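Engineer: Sequence first, predicted coordinates after that:
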2 protein chains.
Amino acid sequence: MRNKYFKFASLCFISATLFGCAITEQTPNIETELRATGDMGVIIERATGQVQIIDHTDKTIVSEIDGLGDLSHASIVYSRDQRYAYVFGRDGGLTKIDLLKDKIDKRVIQSGNSIGGAISQDGKLVAVSNYTPGGVKVFNSETLELVATIDSTILTTKPKNKDGSPVRSKVVGLVDAPNNKFVFSLFDSHEIWVADFSGIENGKKMQLTKFSDIGLFPYDALISGDGRYYIAGLFGEDGMALLDLWHIDKGVTRILNDYGKGEQKLPVYKMPHLEGWAIAGDHAFVPAVGQHKVLVISTKTWQQVAEIPAHSQPIFVMAQPDNRQIWVNFAYPDNNTIQVFNTETFELVNTLTPGPAVLHMEFTPRGEQVWMSVRDNNEVQIYDTQTQTLLKTLPSKSPSGIFFTNRAHQIGL
Amino acid sequence: MRNKYFKFASLCFISATLFGCAITEQTPNIETELRATGDMGVIIERATGQVQIIDHTDKTIVSEIDGLGDLSHASIVYSRDQRYAYVFGRDGGLTKIDLLKDKIDKRVIQSGNSIGGAISQDGKLVAVSNYTPGGVKVFNSETLELVATIDSTILTTKPKNKDGSPVRSKVVGLVDAPNNKFVFSLFDSHEIWVADFSGIENGKKMQLTKFSDIGLFPYDALISGDGRYYIAGLFGEDGMALLDLWHIDKGVTRILNDYGKGEQKLPVYKMPHLEGWAIAGDHAFVPAVGQHKVLVISTKTWQQVAEIPAHSQPIFVMAQPDNRQIWVNFAYPDNNTIQVFNTETFELVNTLTPGPAVLHMEFTPRGEQVWMSVRDNNEVQIYDTQTQTLLKTLPSKSPSGIFFTNRAHQIGL
């Protein structure tokens, strides 16, 4: 559907010089094909610090971009026009990639060790959650200039850093919420904070609301698709912490008291990803901690109503955009397998074995395809969701996260 | 954020001729700025057969395009890359507009009188529902070549057309559904049909499933956001027809038996728009027929559970993307007013009077703004959804429908 690159720029530059064309700041990038980005996405190539820009209509790799630093657990959000991808690297790098020019637009090293980020509802602010130094930094999404620093709570029981600064709590589970809010969890100080940036363009100051004693060591979080419920998983105890953003005055409540109960505590790298929670109809489908089960939770009572036996310990449980099926991947050493379940009957629909280390899945916006990173095969596989048949395989170097641009239009993504 | 148009093409063409550049099919359109379309949209200017392309980040009119014919009740769907808008005109015109080049890419007159359209899940097919001759025509979304004609049921009791052809039922309420299906209603023959185009690329034939006696004169329809429930309004009797696409074998059932009951039958142009149904949480918020009320329906039982008194007869009832509030407009002569209600308490939040003939509303993807066409003021007004304050007014000639490109990624839109 698209024209290939057109090698015309240099000759045109010569002729323009001769004829006196004013090719200045207004010059369009005529090296670049005309493209719309609604069907594009970015794949993290973790081992090489690269990303691939892809097209999910043509099922092709459009380009590869170098120089993104440490991309372990890297994640991505998109500008509201879907032109720019903001890549949050583990080394504190925040990189803005231009999908129309296949290149890095801007890059800053904003901290020593970061874990994820979010973009505000109005698209003007990009926030990054940091381990070291602990806190959240907020940037102008256009310029990447620092707008605000939110220092997390000082851990008074810990010795100071070498430079004499206090040690602060690590920040995790950062998401955007309606009305230009960011919500995040403080791992070491057991808190949830809400930072409200609404109205700052009219002189209003950022407002910070803090909830303490929310439960021991929140390690990850999710927000429901309508931006109402923020749910943090607890590493230090059973259960989860729920904040209803429609009724913030009611504070944080505890849900799913049995979640993880009776199980041996596992290292964090084996804890399931919460952003993988699938909410379909009245049910949330949740990876059980360390058990071979998917738990079915009522979104009315936030209590477990059923459980689905699965192949191994689930990591991501993801619902198709039409909510008809969930797709589940698993922890090592069973991470070569995917299972698909019916969301209504809970029956197993299919078991696939794409290959070693299926790390992530991403559905096309209306859900006809799912893309899977199969890290240790150095490939991305594309499946038809209805038939679960393999449509195409693309080469990719140790792929991990896959992020499509339609996330730009979804609260919390 | 964007560069303005760059007037360079003609000079470059001269120089290219001199220097022997091969400006052929591969030439990029260098008259056009580099842009991403994720924050763009199209406004119908009904009276003049024009559309405006807009940018909802900058809140600006990007361009205006002529020659679209009769745009009464025109609607729009988008290609999956969000580059092209397909405009369905009342005169049977199907026009494909290129948002990157600000011009008509292709245009066909596909019937004598059409009423709306849809795009398939995979983006490859565009379907149009027609009054005259009655039926659905399906086109290749890239070329606008005819792929299939689905003739509707012959009305044997009506005299034949002048050309000797039989009169067929008008088709209304056409939507796309998961797995490359189209669902539509037959007004005169009281049917719902499902056309399944899945697998046609692998040689499978289109499959048609017909439901008869679904209720008298279905006049409009909607599909739930997950593509499961198709609901048709009935002009000839009380109640509505529901088809659960997850259980198509169960057939069409009747819901909301009181819907419209006891009210004088109204002409179709005053019937509420069903595509305006807001579904928030467990509730659908539905415009009452001819009454000054918004009805609250349980999406579990599909029965009414409450009603909200409103300013006048509601036409569109639309939920913000965060489901926190519904925005309601009203029938003539009270169509200068908008009311905003809380979806949880059903309380009135605000009453606005934007001006004469507020015809349509469209929310930005994450819901921070709502755009309103105020037809008889020849303007579009942009409001902050949280504060309900007017942010900006844009000139527009008799604006009606407003359609943003994020619809490309939503089932049924």
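Structural biologist: Ah, there it is.
Engineer: where does the stretch 101-250 of chain A come near chain B, residue by residue?
Structural biologist: Within the stretch 101-250 of chain A, the positions adjacent to chain B are A:101, A:121-123, A:142, A:178-180, A:198, A:226-228, A:246 by CB under 8 Å from any CB of the partner chain. Yep, even glycine has a C-beta here, placed from its N, CA and C like the rest.
Engineer: Whichever of those end up buried, select them in PyMOL.
Structural biologist: Filtering these down to the buried ones (16 or more other CB atoms under 10 Å in any protein chain shown) takes a single PyMOL command:
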select buried, chain A and resi 121+122+123+178+179+180+198+226+227+228+246
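Engineer: Just put the residues of the stretch 101-250 of chain A next to chain B in a markdown table and tack on pLDDT and secondary structure.
Structural biologist: Below are these laid out as a markdown table (pLDDT from 0 to 100; DSSP: H, G, I helix; E, B strand; the rest coil):
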| residue | pLDDT | secondary structure |
| --- | --- | --- |
| A:Lys101 | 95 | coil |
| A:Gln121 | 97 | coil |
| A:Asp122 | 96 | coil |
| A:Gly123 | 97 | coil |
| A:Glu142 | 97 | coil |
| A:Pro178 | 97 | coil |
| A:Asn179 | 96 | coil |
| A:Asn180 | 96 | coil |
| A:Ser198 | 95 | coil |
| A:Asp226 | 90 | coil |
| A:Gly227 | 93 | coil |
| A:Arg228 | 93 | coil |
| A:Trp246 | 96 | helix |
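Engineer: mind putting the residues of the stretch 101-250 of chain A next to chain B in a markdown table, distance to A:Met40 included?
Structural biologist: Formatted as a markdown table, these follow (distance: CB to CB, whole Å):
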| residue | distance to A:Met40 |
| --- | --- |
| A:Lys101 | 13 |
| A:Gln121 | 22 |
| A:Asp122 | 22 |
| A:Gly123 | 17 |
| A:Glu142 | 20 |
| A:Pro178 | 26 |
| A:Asn179 | 29 |
| A:Asn180 | 26 |
| A:Ser198 | 30 |
| A:Asp226 | 26 |
| A:Gly227 | 25 |
| A:Arg228 | 29 |
| A:Trp246 | 34 |
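Engineer: The residue most central in space within chain A and B:Gln320, how far apart?
Structural biologist: Against the mean C-alpha coordinate of chain A, by CA atoms, centre = their mean, the closest residue is A:Ser75 at 4.7 Å. Using CB to CB, to the nearest Å, A:Ser75 is found at 26 Å from B:Gln320.
Engineer: A:His247: neighbouring residues, count only.
Structural biologist: A:His247: 10 surrounding residues under other CB atoms under 10 Å in any protein chain shown.
Engineer: and the closest residue to A:Ala74 other than its chain neighbours, what does it touch?
Structural biologist: Counting by CB to CB, 6 or more residues apart in numbering or on different chains, A:Ile44 is the residue found nearest to A:Ala74 once chain neighbours are left out, at 4.9 Å. By CB atoms under 8 Å, 6 or more residues apart in numbering or on different chains, the residues touching A:Ile44 are A:Val51, A:Leu71, A:Ala74, A:Ile76, A:Val87, A:Pro399, A:Ser400, A:Gly401, A:Ile402, A:Phe403.
Engineer: Neighbour count and secondary structure added to these, as JSON lines?
Structural biologist: Formatted as JSON lines, the entries for these read as follows, by neighbours: other CB atoms under 10 Å in any protein chain shown; DSSP: H, G, I helix; E, B strand; the rest coil:
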{"residue": "A:Val51", "neighbour count": "30", "secondary structure": "strand"}
{"residue": "A:Leu71", "neighbour count": "25", "secondary structure": "coil"}
{"residue": "A:Ala74", "neighbour count": "28", "secondary structure": "coil"}
{"residue": "A:Ile76", "neighbour count": "25", "secondary structure": "strand"}
{"residue": "A:Val87", "neighbour count": "25", "secondary structure": "strand"}
{"residue": "A:Pro399", "neighbour count": "28", "secondary structure": "strand"}
{"residue": "A:Ser400", "neighbour count": "20", "secondary structure": "strand"}
{"residue": "A:Gly401", "neighbour count": "20", "secondary structure": "strand"}
{"residue": "A:Ile402", "neighbour count": "24", "secondary structure": "strand"}
{"residue": "A:Phe403", "neighbour count": "22", "secondary structure": "strand"}
